[in-house]
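Asks: need a 3D model of the following:
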Amino acid sequence: MNRFTILLLCFAFSVQAETFGDWVYNIIPSTNSGVPNAAAVVGYTGSGGAVTIPTSINDIPVTRIGLPVIPETNIGYGDTLSIFTIPDSETGIGGSAFSTSAGVTSISIPSTITEIGRRAFFSCLDLTSIDVAPDNPYYSSQGGVLYNKNKTSLVAFPSGKAGTFSIPSSVTSINNEAFKGCSKLTAITIPDSVTSIGFEAFAYCSSLTSITLPDNVSTIQYGTFARCTALSSVMLPNNIGAIWRHAFLDCIRLTDITFPQRLSIFDSGSFAGCTVLSKAYFLGSFPALIIMSIPDQFVFPESNQFGFTYVNVSMGFSSNTTIKYRFGATGWNDYIPGVTPIELLPPNIKNLSFVEVGGITKIRLTFETFPEWQYEVQKSSDLLSWSTVATFSGDGSDKAFEEKTADRAFYRIYLYWVPYN
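Replies: Numbers count the residues shown, from 1 in each chain. The predicted model follows:
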């Protein structure tokens, strides 16, 4: 088997990296009198296979994978390892600790781990299982997926897991970057219990073809679906009020989308690179357009580092996108650089009459339809409870509805865009 050697870069750290057998490590100096130093494993040069990190190096306890003072330190396990076991002496896993370590299929986390940094398992393309000791007080696992202890937050999904996945109903939040880089994930079911989805939660899920967000989600964060290059269908819930920058960056197969009535904040870069997006329908009034500026040294999830500028800017759609808005919505007549929004008019009632058919009096309603829209004729006896009595698909032609008259009946036409419903 080929041996694997990492190249350790020099960071601003108090001591130089040292070696112990197949391991590269740093000493973490103690800042408290009477507390001994500790060691942090930062690299591996062995032949691979199933590997367990040593509990101590030269009688110094190993307490960490990656350096605590460097939030993103890839320790570079390469493609030689398959099963990785972390000993009970460890208390923390640093940010990006296993990032891009191809070949690792399983990671076991002991009960002593109290902290797992950002992107700790990002792009481990063969990783299919993250298993946590049952007595860990901070984390848990189910089916190889990492959660917080009570399974209300989904922390990380293994990048190597393929196919479909259903999030448990106990989950209320999806962490920042939880599914980032899971390129083998083709479909996901998100339960109604989920109320928040973090930054870049599904970014680079390049096999994900569709997504339906639950009704309780109100914000689509920065980069949530960035570069989901197979994504062609997105169902936004009615409660979405804000869509932030790069939310759907480079979703090159997304062809149409409908924005709910409550949308009030829209970042002009949220759909950048969506080159085949041809139809954008807005059910509400014109949202406030912003430009989100991100500092060079941005660290998730400190959202106060964002800068927001409310300006009269382009909505950021490509020149191929047609923007339409619901009739009666306000603000769309104002100047919008780069686009000419089209108002969708209410159904045009062409004829309302009563006809005799075989001695039976019927009401007949004729109305104009538009392509891509679905029309429902609804009926009520008290203007409170309505039922659908006929459905028509719009195709640009006139449609006719008729039924036997009742002693007391009210009718209305309800329309919706077909992909949204």
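Asks: and the gap between the residue lying closest to residue 212 once chain neighbours are set aside and residue 209?
Replies: Closest residue to residue 212 apart from its sequence neighbours, by C-beta to C-beta, 6 or more residues apart in numbering: residue 235 at 4.2 Å. Yep, even glycine has a C-beta here, placed from its N, CA and C like the rest. Noted for residue 235: a distance of 13 Å to residue 209, by C-beta to C-beta, to the nearest Å.
Asks: measure residue 52 to residue 251 for me?
Replies: When distance is defined by C-beta to C-beta, residue 52 is 41 Å away from residue 251.
Asks: of those two, which one has the most company?
Replies: Neighbours were counted for residue 52 and for residue 251 using other C-beta atoms under 10 Å; residue 251 has more, 26 against 11.
Asks: so that one makes contact with residue 223?
Replies: No. Using C-beta atoms under 8 Å, residue 251 is not in contact with residue 223; the gap is 11.3 Å.
Asks: surely the residue nearest to residue 212 and residue 214 touch.
Replies: No. Applying C-beta under 8 Å as the test, residue 235 and residue 214 come out as separate, 9.8 Å apart.
Asks: for these two, indicate the residue with more neighbours.
Replies: Using other C-beta under 10 Å, the more surrounded residue of residue 235 and residue 214 is residue 214, with 17 against 14.
Asks: now the phi/psi pair for the more buried one, please.
Replies: Per-residue torsions, residue 214: phi -70, psi 160 (degrees, to the nearest 10).
Asks: tell me the contacts of the closest residue to it other than its chain neighbours?
Replies: Distances taken as C-beta to C-beta, 6+ apart place residue 192 nearest to residue 214, at 4.6 Å, with adjacent residues excluded. For residue 192, the contact set (C-beta atoms under 8 Å, 6 or more residues apart in numbering) comprises 169, 214-216.
Asks: residue 342 too?
Replies: 322-325.
Asks: so which of these wins on neighbours?
Replies: That'd be residue 325 among the contacts of residue 342, by other C-beta under 10 Å, with 22 neighbours.
Asks: residue 279 bridge partners, please.
Replies: Applying DSSP bridges to residue 279 yields these beta-bridge partners: residue 256, residue 322.
Asks: tell me the predicted confidence for it.
Replies: On the pLDDT scale, residue 279 is placed at 86.
Asks: any idea how far residue 324 is from it?
Replies: From residue 279 to residue 324 the distance is 7 Å (C-beta to C-beta).
Asks: quick one: buried residues of stretch 399-415?
Replies: Within stretch 399-415, the residues that count as buried by 16 or more other C-beta atoms under 10 Å are 399, 401-403, 411, 413, 415.
Asks: ends of it, what's the gap?
Replies: Distance across stretch 399-415, first residue to last, is 13 Å (C-alpha to C-alpha, to the nearest Å).
Asks: check contacts around the closest residue in space to residue 177 that isn't next to it in sequence.
Replies: In space, residue 177 comes closest to residue 200 once its chain neighbours are excluded; the distance is 4.9 Å by C-beta to C-beta, 6+ apart. With contact taken as C-beta under 8 Å, 6+ apart, residue 200 is in contact with 176-177, 180, 221-224, 226, 300.
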